[in-house]
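Asker: next one to model:
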Amino acid sequence: MSVMIRFNRMRRTRIQELLKFMNYGQSFNQGTDKFNGYGKGGSGQKIGFETYGVNNTFADYDKKKGVSFARYLNESSAGSSMVDSGKFVNRWVEPGKFFREKMMKVGTVMPMPDIRDKMPKRSFLPRVISTKLPFSTSKLSDLKQIFHANENSTMETILADTLSECERVPSPGETKQCVGSAEDLIDFVISVLGRNVAVRTTQNTDGSMQNVMIGSVKGTKGGKVTESVSCHQSLFPYLLYYCHSVPKVRVYEADLLDPISKAKINHGVAICHLDTSSWSAGHGAFLALGSGPGKIEVCHWIFENDMTWTIVD
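Answerer: Numbers count the residues shown, from 1 in each chain. Below is the predicted model:
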């Protein structure tokens, strides 16, 4: 019961969005792979994939450049499996995207990366529908038909890359699952952490791309190493989270202040990975911080609409 109570606010928002779908209950025909009308809803507004984040579209992901899960996250989300499997390849890393644990102290001034959610606005599917949709690279042709993805199109590449990442063999110590419904998300969290859990995310996006000052800091479990499940959005036609648990982390909450006025502008949640020995030498964190696998811990903020779960203190 405690899980449902703590997740209630977030889940209620998602469910309300789902219930606004026009005829979503009739859009999937049992016994077929026909899924019509997804994205029609929400106060009569058509939610298509022409609108993408902040003045962006799916077409921005030029197939000639390659639309990879790693590339997208390198541009927009500090968390995810890519933090652990080390697939970043860009030589430039946004200031503040990765930082050392010692930065989580009162009075520290540090750059905040762009933590805004730039994904398309989507909703979870009800599990009764999501479980009927194919979700594997072996069924890519079926998915392309359902979501009207043309051959060699950007949408085809998005589907293929996300499916591939979801099917990737877990990195050492990692437990992972891609979830497309609120029910699946909760079930995965419970399977890893048990029922007595709390969910945390950064309060808002204020301070993005600016310097912020660290105010009061609190570590979950008294700042000790803890178990956690982090969930990060994946680029897909409906809301899909990549949820995973990795060993040896510490989770922090911190007030974020304006460095000049000292006024509180945000409340951030950060996760510090203490074991980076399995990360690649070319990982963006090491490019930014100047070290290598297993030599340092690496921290990052939880971005807008991403979340981390821990056992209740």
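
Asker: please enumerate the helices of the stretch 51-200 of the chain.
Answerer: Taking DSSP state H, counting those that start in this stretch as the criterion, the stretch 51-200 of the chain carries its helices at 69-76, 82-85, 127-130, 140-146, 154-167, 182-193.

Asker: next one: the third one to chain centre, how far?
Answerer: Which is helix 127-130. 21 Å (CA atoms, centre = their mean, to the nearest Å).

Asker: please renumber so the chain begins at 48
Answerer: Fine by me, first position is 48 from now on; the one you just mentioned is helix 174-177.

Asker: list the buried ones in that helix?
Answerer: Neighbour-count burial for helix 174-177 flags 176-177 (criterion: 16 or more other CB atoms under 10 Å). For glycine as for every other residue, the C-beta is placed from the backbone atoms N, C-alpha and C.

Asker: measure stretch 180-190 end to end?
Answerer: By CA to CA, to the nearest Å, the extent of stretch 180-190 from end to end equals 8 Å.

Asker: for that stretch, which positions count as buried?
Answerer: Within stretch 180-190, judged by 16+ other CB under 10 Å, the buried ones are 180, 182, 187, 190.

Asker: for Arg174, state which of those is nearest.
Answerer: Arg174 has its nearest neighbour among these in Leu180, at 10.7 Å by CB to CB.

Asker: hang on, the closest one packs against Leu206?
Answerer: No. At 11.4 Å, Leu180 does not count as touching Leu206 under the criterion of CB atoms under 8 Å.

Asker: between these two, which contacts overlap?
Answerer: Leu190 (CB atoms under 8 Å, 6 or more residues apart in numbering).

Asker: could you dump the helices of the stretch 98-247 of the chain to JSON lines with mean pLDDT and distance to Arg247?
Answerer: Output for the helices of the stretch 98-247 of the chain, formatted as JSON lines (pLDDT from 0 to 100; distance: least, CB to CB, whole Å):
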{"stretch": "helix 116-123", "mean pLDDT": "36", "distance to Arg247": "20"}
{"stretch": "helix 129-132", "mean pLDDT": "39", "distance to Arg247": "17"}
{"stretch": "helix 174-177", "mean pLDDT": "95", "distance to Arg247": "24"}
{"stretch": "helix 187-193", "mean pLDDT": "96", "distance to Arg247": "33"}
{"stretch": "helix 201-214", "mean pLDDT": "96", "distance to Arg247": "24"}
{"stretch": "helix 229-240", "mean pLDDT": "97", "distance to Arg247": "12"}
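
Asker: quickly compare those and say which is most buried.
Answerer: Per residue and on average, the most neighbours among these fall to helix 129-132, with a mean of 24 (mean count of other CB atoms under 10 Å).

Asker: can you tell me the SS state at the residue most central in space within the chain?
Answerer: Closest to where the C-alpha atoms of the chain average out (CA atoms, centre = their mean) is His279, at 1.3 Å. Under DSSP: H, G, I helix; E, B strand; the rest coil, His279 falls in the strand class.

Asker: find the nearest non-adjacent residue to Leu172, please.
Answerer: With sequence-adjacent residues excluded and distances taken as CB to CB, 6 or more residues apart in numbering, Leu172 is closest to Tyr285, at 5.2 Å.

Asker: and the strands in the protein?
Answerer: 156-158, 222-226, 244-247, 258-266, 275-281, 287-292, 296-304, 311-320, 345-348, 354-358 (DSSP state E).
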